[in-house]
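In: Sequence plus predicted model, see below.
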Amino acid sequence: MSVDTDDRGEDTQPTRPHRQPEAERIDPPSRRRVLKTVLTATAGSIIPSAIDLNGARTWAGAALQPQGPASGSPRDGAVNAGAMTFETLSAEAERRAAAPYAAPPTELPPALARLDYDGYRHIVFRPSESVPLGRHFSAQLFHRGFLQRKRVALYLQPRGGSAREIPYQSRLFDFGGRLAGQSFPADLGFAGFRLHYAFPETPAWRPTGFQEEFLVFLGASYFRLRAAGQEYGLSARGLAIGTGAPEGEEFPDFAAHWLCEPEPEARSLTVLSLLDSPSVSGAYRFVITPGDPARIAVTAALYPRRPIAQLGLAPLTSMFLYGQNGPGARGAKPFDDFRPQVHDSDGLCVATAADRLWRPLVNGRKQPQISAFAAKPLSGFGLLQRERSFAAYLDVEARQEARPGLWVAPGPEGAFAEGAVQLYEIPSAEEYMDNIVAAFVPAAPVQPGTALQLAYGLTTVGAEPADAMPQPDLARVTTTRFGSAERLRPTEPPNPARRLCVIDFEGPSLPKGADETIAAEVSASAGTLHEPVANVVPQTGGWRIYVEWRPPQTMPAGDVVLRARLVRGTTPLSETWDAIV
């Protein structure tokens, strides 16, 4: 993977801002509130990366053959009796894809339909009614109401025998507030669930057998995972369809989940999930291993109902308001806030077998933008929260320094085809809106009649280096800062558009003292770069690149992308910094 800058194609494509689905997530352990603002459609740009990360591998194989009898499918998305396996669920998804789409029920009793945000938050599952799953796991359930209108069928799959639906009972919940004392019909169902786990390192002051929440499935195909000691932050999704497309995004739903009973002493748990939408039906298997890091092995079989031009695989969704350089976009208005930074993720990382790229996130553009990073073969990608210091945020409640990143690693058998990791950045003035999406998008449109089989891993990332990420010897970008180059290198007359770029790197491969063999390798998609310098930073033990960027006489319509990395001769010592200016 080269960092030399080739001709950069910039195509203008209308995009639609990413919106939360109708079944908006309510996040009990976080401070994020319900999104009420809907952005209007606007135009954006697709900017291919000049670094050819080449394409990941998602292959479209022959249609899965049913293994065992397919279950029935009542109109609410439930599945009839029988032991549920991934093969059986795949056959059910294939059968559904051959039939017209039936949306899940959304009708609610008036008292639940009228709930506002605060009223819904008063509905609390009673911990004493938790569903035990072996000795170390349990599940708690989410009530329907407010924006959580869609019915999700929940089942318990015993180690032996048939799956059985978990029945709704009002007594499972403490309604509090205005709903105190009410009960609702037995066919109401649930909105989702969350998993709890008895971490081996549970503090002594916790009661014996204490189990801590670590994973939530709630709203469309969203789920959130955190490691021990972390706070909830970004979300993963089962699938993204048409993100940024002018016709709007489609949000598939997990219509049903099977919680598979583990062995009594097991430290991993399997969940089977049925995904459905107007465009596709699919079967998912999640093998979940909590800890630090937390891991999920994902296997999926997708059956399109119709052609899908833009299918996002292993999508991640996060929030970036402003970071080390404010919003980051050229000319963006700064936020008047006592907090130095506000974000759940601060960058996208994309890796091949030979290189790794770091793209700092940006907010404040006048329109949404899509950046595409071709990757072949793809080793992985993730949205990360690299800034782990409380002093960088100063938010006592949000604890954004403790929020996880998520790393996506395609399976070794070739789960991803040629395509690109696409980054969607949507202007936002509200920290309660998820405005960042990253997903792998296959190069060829997905066609009906052919099963798409996927396998990939999800791993939480905290402090780096992290074992889940490839190229551990490459130093990582720790800070990106811009300032006026006139302060250090004044010109006559002064040119306020000149920018000094300062990039810090840390990693085990970097020497701890001065080394004249280390140089800065830099490039720009427009304008010129001057006097790149690479120096050791004694205070941190890392290294720093200084380089000045001078803009062209006529600025291009899209972003200008700068790249830099540390090298010794032709050998890279760091990942590639890839940032807009």
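Out: All right, it came through fine.
In: Send me stretch 441-460 as CSV with only the CA atoms.
Out: Provided in CSV are the C-alpha atoms of stretch 441-460 (Å, rounded to 0.1, in the frame of the first residue of the first chain):
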residue,chain,number,x,y,z
VAL,A,441,-19.6,-1.8,1.0
PRO,A,442,-19.1,-4.5,-1.7
ALA,A,443,-18.1,-3.2,-5.1
ALA,A,444,-20.9,-5.0,-7.0
PRO,A,445,-24.6,-4.5,-6.2
VAL,A,446,-26.1,-7.4,-4.4
GLN,A,447,-28.6,-9.4,-6.4
PRO,A,448,-31.6,-11.5,-5.3
GLY,A,449,-31.4,-15.3,-5.7
THR,A,450,-27.9,-15.5,-4.3
ALA,A,451,-27.0,-16.0,-0.7
LEU,A,452,-24.4,-13.7,0.8
GLN,A,453,-22.4,-15.5,3.5
LEU,A,454,-20.4,-13.5,6.0
ALA,A,455,-18.1,-14.2,8.9
TYR,A,456,-16.3,-11.5,10.9
GLY,A,457,-15.2,-10.7,14.4
LEU,A,458,-16.0,-7.7,16.6
THR,A,459,-13.6,-6.8,19.4
THR,A,460,-13.7,-3.9,21.8
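In: chain center to it: distance?
Out: Offset of stretch 441-460 from its chain centre (CA atoms, centre = their mean, to the nearest Å): 16 Å.
In: for that stretch, which positions count as buried?
Out: Across stretch 441-460, burial judged by 16 or more other CB atoms under 10 Å covers 441-442, 446, 451-460. Where C-beta positions appear, they are placed from N, C-alpha and C, glycine not excepted.
In: what's the answer for stretch 104-119, then?
Out: Result for stretch 104-119 [16+ other CB under 10 Å]: buried residues 104-105, 108, 112, 115, 119.
In: how far away is the residue nearest the centre of the chain from Ser345?
Out: Of all residues in the chain, the one closest to the mean position by CA atoms, centre = their mean is Leu316, 1.8 Å from it. Plainly put, Leu316 is 8 Å away from Ser345 if you go by CB to CB, to the nearest Å.
In: Common neighbours of those two, please.
Out: 234, 383 (CB atoms under 8 Å, 6 or more residues apart in numbering).
In: ok, back up a step: what helix or strand does the residue nearest to the centre of the chain sit in?
Out: Using DSSP states H and E, Leu316 sits within strand 311-318.
In: Adjacent strands (with direction) for whichever helix or strand comes after that strand?
Out: Counting by DSSP H and E, the element after strand 311-318 in chain order, helix or strand, is strand 320-322. When pairs are called by DSSP bridges, strand 320-322 turns out to pair with strand 342-343 (antiparallel).
In: Show me what the helix or strand following the strand it pairs with is packed against.
Out: Downstream of strand 342-343, the next assigned helix or strand under DSSP H and E is strand 347-352. Applying 3 or more CB pairs under 8 Å, 6 or more residues apart in numbering; DSSP states H and E, we find strand 347-352 packed against strand 53-54, strand 356-360, strand 369-375, strand 378-384, strand 419-425.
In: how long is stretch 173-191 end to end?
Out: Separation of the first and last residues of stretch 173-191 by CA to CA, to the nearest Å is 13 Å.
In: which residues are in contact with it?
Out: Stretch 173-191 has contacts (CB under 8 Å, 6+ apart) with 23, 76, 105, 109, 111-112, 115, 118-119, 122-126, 141-145, 148, 150-154, 166-171, 218-219.
In: Going through those, which ones are buried?
Out: Among the contacts of stretch 173-191, the ones that count as buried by 16+ other CB under 10 Å are 23, 76, 105, 112, 115, 119, 122-123, 125, 141-145, 148, 150-154, 166, 168, 218-219.
In: Narrow these to those in helices?
Out: If you go by DSSP state H, the buried ones among the contacts of stretch 173-191 have 112, 119 in helices.
In: Helices along this structure, start to end?
Out: With DSSP H, the ranges of helices along the chain come out as 86-97, 110-113, 117-121.
In: of the ones you listed, which approaches His136 most closely?
Out: helix 86-97 (22.5 Å; CB to CB).
In: now that closest one: how far from the chain's centre is it?
Out: Here helix 86-97 is found 26 Å from its chain centre; the criterion is CA atoms, centre = their mean.
In: the bottom helix or strand of this protein by mean pLDDT?
Out: Every helix and strand in the chain was compared by mean pLDDT, DSSP states H and E; the lowest is strand 53-54, with a mean of 28.
In: Give me the contact list for the strand holding Leu316.
Out: The contact list for strand 311-318, computed with CB under 8 Å, 6+ apart, reads 18, 58, 222, 233-237, 239-241, 243, 280, 298, 343-345, 382-383, 406, 408, 416, 422, 434, 436-442, 445-446, 452, 454, 456, 458.
In: pull the CA atoms of that strand into PDB?
Out: Extracted in PDB, the C-alpha atoms of strand 311-318 (Å, rounded to 0.1, in the frame of the first residue of the first chain):
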ATOM      1  CA  LEU A 311     -25.100  -2.700   1.200                       C
ATOM      2  CA  GLY A 312     -23.100  -1.800   4.300                       C
ATOM      3  CA  LEU A 313     -21.600  -4.900   6.000                       C
ATOM      4  CA  ALA A 314     -20.500  -4.900   9.600                       C
ATOM      5  CA  PRO A 315     -21.600  -1.300  10.000                       C
ATOM      6  CA  LEU A 316     -20.500   0.800  13.000                       C
ATOM      7  CA  THR A 317     -22.300   4.000  14.100                       C
ATOM      8  CA  SER A 318     -20.900   6.700  16.400                       C
END
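In: Neighbouring strands - and their directions - for that strand?
Out: Strand 311-318 sits in its sheet next to strand 235-237 (antiparallel), strand 239-241 (antiparallel), strand 436-442 (antiparallel), going by DSSP bridges.
In: Any buried residues in it, and which?
Out: Residues of strand 311-318 classed as buried by neighbour count (16+ other CB under 10 Å): 311-318.
In: tell me the domain ranges of the chain?
Out: With domains defined by automatic domain parsing, the chain comprises 11-461, 476-580.
In: mind giving me TSV with those domains and columns for distance to Met469?
Out: Shown next, in TSV, are those (distance: least, CB to CB, whole Å):
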stretch	distance to Met469
domain 11-461	6
domain 476-580	9
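In: Of all those, which one comes closest to Ala468?
Out: domain 11-461 (3.8 Å).
In: quick one, what contacts Asn363?
Out: By CB under 8 Å, 6+ apart, the contact set of Asn363 is 320-322, 327-329, 332, 425, 427-428, 435.
In: So what's the residue count around the nearest residue to it once chain neighbours are set aside?
Out: Sequence neighbours aside, Pro327 is the residue nearest to Asn363 in space, at 4.2 Å (criterion: CB to CB, 6 or more residues apart in numbering). As a burial measure, Pro327 scores 22 neighbours (other CB atoms under 10 Å).
In: these two touch, right, Pro327 and Pro334?
Out: Yes. The criterion here is CB atoms under 8 Å, and Pro327 meets it with Pro334 at 7.1 Å.
In: check contacts around the residue lying closest to Glu265 once chain neighbours are set aside.
Out: Once flanking residues are discounted, Glu265 sits nearest to Arg135: 6.2 Å by CB to CB, 6+ apart. Applying CB under 8 Å, 6+ apart to Arg135 gives the contacts 198, 264-265.
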